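> Let's see this in three dimensions:
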Amino acid sequence: MRRFQSHFVLDVESDGPHPLDFNMISFALVSLADPTEGFSALLQPIHQNGGGWKAARDVSGISWERQRTEGRDARRVMEEVQTWAVETARRERITIWSDNPAYDWQFWNAYTHHFTGRNVAGFSARRIGDLDAGRRGAPLTTNGWKKWRRTEHTHDPLDDARGNAEALRTILEAMEGGG
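Numbers count the residues shown, from 1 in each chain. You can find the predicted model right below:
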């Protein structure tokens, strides 16, 4: 759908709470216009922290060794994903949504700026739960939207971004229809 072509949903898995000392393990950026269109990658570690926090790594299911041997070069990936996003958005202003931009966005923003010198999405992201809570007039209840995911939430960033995009489309379409 053209009206959503410049909107994307981001999901990140990492081995810790912030990008200064921890690695983005993998991420996915999914088109809101067509959630089957997405870009995802497993990245080589940039911090030699021995794998970061075990609990964080357990969520992703990606071992330190697998990330080191199968991950792709972060510089190349961040250049490729930004090119993909600009082309998919047909050069319109890009907006990125996330379940938790305080987490996902900080890794995205740090990696894009560090490796490419720019972030094609600018300086901010939007939180799906806040939009839905405001729409429903329940600003302190921000998890209700997750029931509209169709793709299972697996902690594979591509699955999670797709499910979140499906739910966000449901919310936006309800808002457009007055629901």
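> Would you map the strands across this structure?
Assigned by DSSP state E, the strands in the chain fall at 7-14, 24-31, 38-42, 95-98, 126-127.
> can you list the weak-confidence ranges in this structure?
Residue ranges of the chain with pLDDT under 70: 1-2, 178-179.
> can you give me the helices for it?
Taking DSSP state H to define them, one finds helices in the chain at 54-60, 64-70, 74-88, 101-116, 128-136, 157-176.
> looking at those helices, which is buried most?
Highest mean neighbour count of those: helix 157-176, a mean of 21 (counted as mean count of other Cβ atoms under 10 Å). Quick note: C-beta positions are derived from backbone N, CA and C, even for glycine.
> returning to that earlier point: could you dump the strands of the chain into TSV with mean neighbour count added?
Formatted as TSV, the strands of the chain follow (neighbours: other Cβ atoms under 10 Å):
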stretch	mean neighbour count
strand 7-14	26
strand 24-31	27
strand 38-42	20
strand 95-98	22
strand 126-127	16
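> quick one: which of the helices of the chain is nearest Phe4?
Each of those has some distance to Phe4 by Cβ to Cβ; the shortest is helix 157-176, at 7.1 Å.
> roughly how far out does the closest one sit from the chain middle?
Here the centre of helix 157-176 is set off from its chain's centre by 12 Å, with Cα atoms, centre = their mean, to the nearest Å.
> Stretch 64-81 now?
Here the centre of stretch 64-81 is set off from its chain's centre by 16 Å, with Cα atoms, centre = their mean.
> quick one: terminal-to-terminal distance for it?
In stretch 64-81, first residue to last residue: 23 Å (Cα to Cα, to the nearest Å).
> Tell me which residues are up against that stretch.
Stretch 64-81 has contacts (Cβ atoms under 8 Å, 6 or more residues apart in numbering) with 15, 23-25, 29, 39, 41-46, 50-52, 57, 111-112, 115-116.
> can we see that at 10 Å?
Here stretch 64-81 makes contact (Cβ atoms under 10 Å, 6 or more residues apart in numbering) with 8, 10, 15, 23-29, 38-46, 48-52, 54, 57, 60, 62-63, 108, 111-116, 118-120.
> quick one on the thing from earlier: got the strands of the chain as JSON lines, with distance to Glu79 columns?
Output for the strands of the chain, formatted as JSON lines (distance: least, Cβ to Cβ, whole Å):
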{"stretch": "strand 7-14", "distance to Glu79": "16"}
{"stretch": "strand 24-31", "distance to Glu79": "13"}
{"stretch": "strand 38-42", "distance to Glu79": "11"}
{"stretch": "strand 95-98", "distance to Glu79": "17"}
{"stretch": "strand 126-127", "distance to Glu79": "24"}
